[in-house]
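Asks: No sequence on hand, only this structure:
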């Protein structure tokens, strides 16, 4: 891969893990589910979706935690940064944390999901669509 093909770059807090993409994400969202809240330590997880072949780890590899039978959540084993999410049901897709980008302003979420689990003290003040559960189930 040449540097001309690199679209986005990012990594973990300590710098041990670095990735690059060869495309913009095909989708992006804010997830308010309780598992994202627990795994990120934040009120909401902001995610961007790619085809697996569009993401390359150029330094280190994520450590994955199986948060369910089919879901793998990736993090840095040194600093604990949340970096990735993937479903074994969809092996061709790979999800990365928007805030793991070197410039998180490069990707803007398109909607909110699992708002039924949103914390009551967070005020969502945007015009993005909201889904009580997964987008496909509303």
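Replies: Good, I have the coordinates. What you are looking at is a predicted structure, and each value in this text was computed from that prediction instead of being measured.

Asks: Could you measure from residue 87 over to residue 112?
Replies: 19 Å (CB to CB, to the nearest Å). Just so you know, the C-beta spots here come from the backbone N, C-alpha and C atoms, and that holds for glycine as well.

Asks: And the two? Which one has more around it.
Replies: With neighbours defined as other CB atoms under 10 Å, residue 87 and residue 112 compare such that residue 112 has more, 21 against 13.

Asks: My read is that the more buried one contacts residue 134, right?
Replies: No: using CB atoms under 8 Å, residue 112 makes no contact with residue 134, being 11.4 Å away.

Asks: if I look at residue 60, how far off is residue 26?
Replies: The gap separating residue 60 from residue 26 is 25 Å, by CB to CB.

Asks: The two - which one has more neighbours?
Replies: residue 60 (17 against 11).

Asks: Can you give me the neighbour number for the closest residue to residue 134 other than its chain neighbours?
Replies: Once flanking residues are discounted, residue 134 sits nearest to residue 113: 5.9 Å by CB to CB, 6 or more residues apart in numbering. Burial measure for residue 113: 26 neighbouring residues, criterion other CB under 10 Å.
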